[in-house]
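# Fold the following, please.
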Amino acid sequence: MRLSLNSRISAITALLPALLVMLVVYIGATGWTVWMSLTNSRMLPNNNFVGLRQYEMLFGNDRWITSVHNIVIYGVLFVSLALSIGFLLAVAIDQRVRAEDTIRSIYLYPYSMSFVVTGLVWQWLLNPTLGIQHVLRSWGFEGATFDWIVRPETAIYCLVIAGVWQASGLVMAIMLAGLRGVDEEIWKATRVDGLPKWRVYVSIIIPMMGASFATAAVLLSTGVVRLYDLSVAMTNGGPGIASEVPAKFVMDHLFERANIGLATAAATTMLITVIAVVAPYFYWRTRKGEMR
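Here you go, the predicted model:
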């Protein structure tokens, strides 16, 4: 018993610094952010309580509404396309192709790059005077037009293209791990029954990979809410505010417009969104573990 008590004390002592950091830095900073969103803080923080006034101003702000609209478009397209492309890449690699390690590394390489680098690369590729459009016209296709990045109605889709290009490799790795976990006897049984491969994937394999899809979807969804550097690197929120996103709204009002109250209200709204996305996933995992 004494040995067990000493082991527990040692474990608690080892974990204490990390626990203090979590309490002070993460929980403390989150609590401070929520409190500031309930005050009328401008350039400097103060404790003048104004209730939900900042949230009323936030949802009456056209720039915020535009950023929310953009992040919804980006989120739906980004998550669905990244999941689809990542799964198809995993299926292709799972066919025991030659040079599998090399191909897998190539697909994963974009994910090793920062969003800033990805944004700058795609900004150059989509630039009408330097990128794809310029190359096509130099090859003789004078009528070729690919100027999405400078058009307000299509700028947000350029962010989707760059984001999917970077994230599909991560999804591929998650899906490939799930595919490699499928029992070989299932494949043998489907071959004996003569089922076409597409039917096997749709009716059997995909339902079995629910955990892989859920994990990938949660990782992608939290990345959607935090989207900032890709937008800044590619379009800086432009043209105008056509590709504005919530995280950029927060940073601009916090550091450039000196409006701490409005910025923290937007940050708190983003936090609530992340919790709404992540909480059901963890609840599902907990319930699944209890059932087992």
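# these two touch, right, residue 201 and residue 94?
No. Taking contacts as C-beta atoms under 8 Å, residue 201 lies outside contact range of residue 94: 10.3 Å. Yep, even glycine has a C-beta here, placed from its N, CA and C like the rest.
# Determine how far the lowest-mean-pLDDT helix or strand in the chain lies from the middle of the whole chain.
Taking mean pLDDT, DSSP states H and E as the measure, helix 2-21 is the helix or strand of the chain with the lowest mean score, a mean of 72. Here helix 2-21 shows a centroid-to-chain-centroid distance of 35 Å under the convention C-alpha atoms, centre = their mean, to the nearest Å.
# Could you do stretch 124-132 as well?
Going by C-alpha atoms, centre = their mean, where stretch 124-132 is centred and where its chain is centred differ by 25 Å.
# same check, this time on stretch 84-103
The chain centre lies 22 Å from the centre of stretch 84-103; the measure is C-alpha atoms, centre = their mean.
# again with stretch 167-185
Counting by C-alpha atoms, centre = their mean, stretch 167-185 comes out at 19 Å from the chain centroid.
# Of all the residues in that stretch, which ones are buried?
By neighbour count on 16 or more other C-beta atoms under 10 Å, the buried set for stretch 167-185 is 167-176, 178-179.
# Can you name the residues that contact the closest residue to residue 228 other than its chain neighbours?
Distances taken as C-beta to C-beta, 6 or more residues apart in numbering place residue 247 nearest to residue 228, at 3.7 Å, with adjacent residues excluded. Residue 247 makes contact with 225-228, 231, 270, according to C-beta atoms under 8 Å, 6 or more residues apart in numbering.
# So what's the predicted local confidence for residue 247?
Note on residue 247: pLDDT of 90.
# Could you measure from it over to residue 266?
Note on residue 247: its distance to residue 266, by C-beta to C-beta, to the nearest Å, is 9 Å.
# about what we covered before: what about the residue nearest to residue 228, which SS state?
helix (DSSP: H, G, I helix; E, B strand; the rest coil).
# where along the stretch 51-200 of the chain do the helices fall?
Along the stretch 51-200 of the chain, the segments classed as helices by DSSP state H, counting those that start in this stretch run 53-58, 62-93, 100-112, 115-126, 132-138, 155-180, 184-193, 197-200.
# among those, which is nearest residue 278?
helix 62-93 (14.0 Å; C-beta to C-beta).
# That closest one vs helix 100-112, what angle?
170 degrees (axes from the mean of the first three to the mean of the last three C-alpha atoms, to 10 degrees).
# Give the other helices and strands that helix 62-93 contacts.
For helix 62-93, the elements it packs on are helix 100-112, helix 155-180, helix 210-225, helix 246-251, judged by 3 or more C-beta pairs under 8 Å, 6 or more residues apart in numbering; DSSP states H and E.
# can you put these in JSON lines and add distance to residue 189?
Formatted as JSON lines, those follow (distance: least, C-beta to C-beta, whole Å):
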{"stretch": "helix 100-112", "distance to residue 189": "25"}
{"stretch": "helix 155-180", "distance to residue 189": "16"}
{"stretch": "helix 210-225", "distance to residue 189": "20"}
{"stretch": "helix 246-251", "distance to residue 189": "48"}
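# so which of those helices comes closest to residue 31?
helix 246-251 (17.2 Å).
# and that closest one, how far out from the chain's middle?
The chain centroid and the centroid of helix 246-251 are separated by 15 Å under C-alpha atoms, centre = their mean.
# now that we have the contacts of residue 247, which one has the most neighbours?
In terms of neighbours by other C-beta atoms under 10 Å, those top out with residue 231 at 28 neighbours.
# What score does that one have for pLDDT?
90.
# Which single one of the contacts of residue 247 is nearest to residue 31?
residue 270 (15.6 Å).
# from what I can see that closest one touches residue 225, true?
Yes. The pair residue 270 / residue 225 is scored as a contact, 5.5 Å apart, by C-beta under 8 Å.
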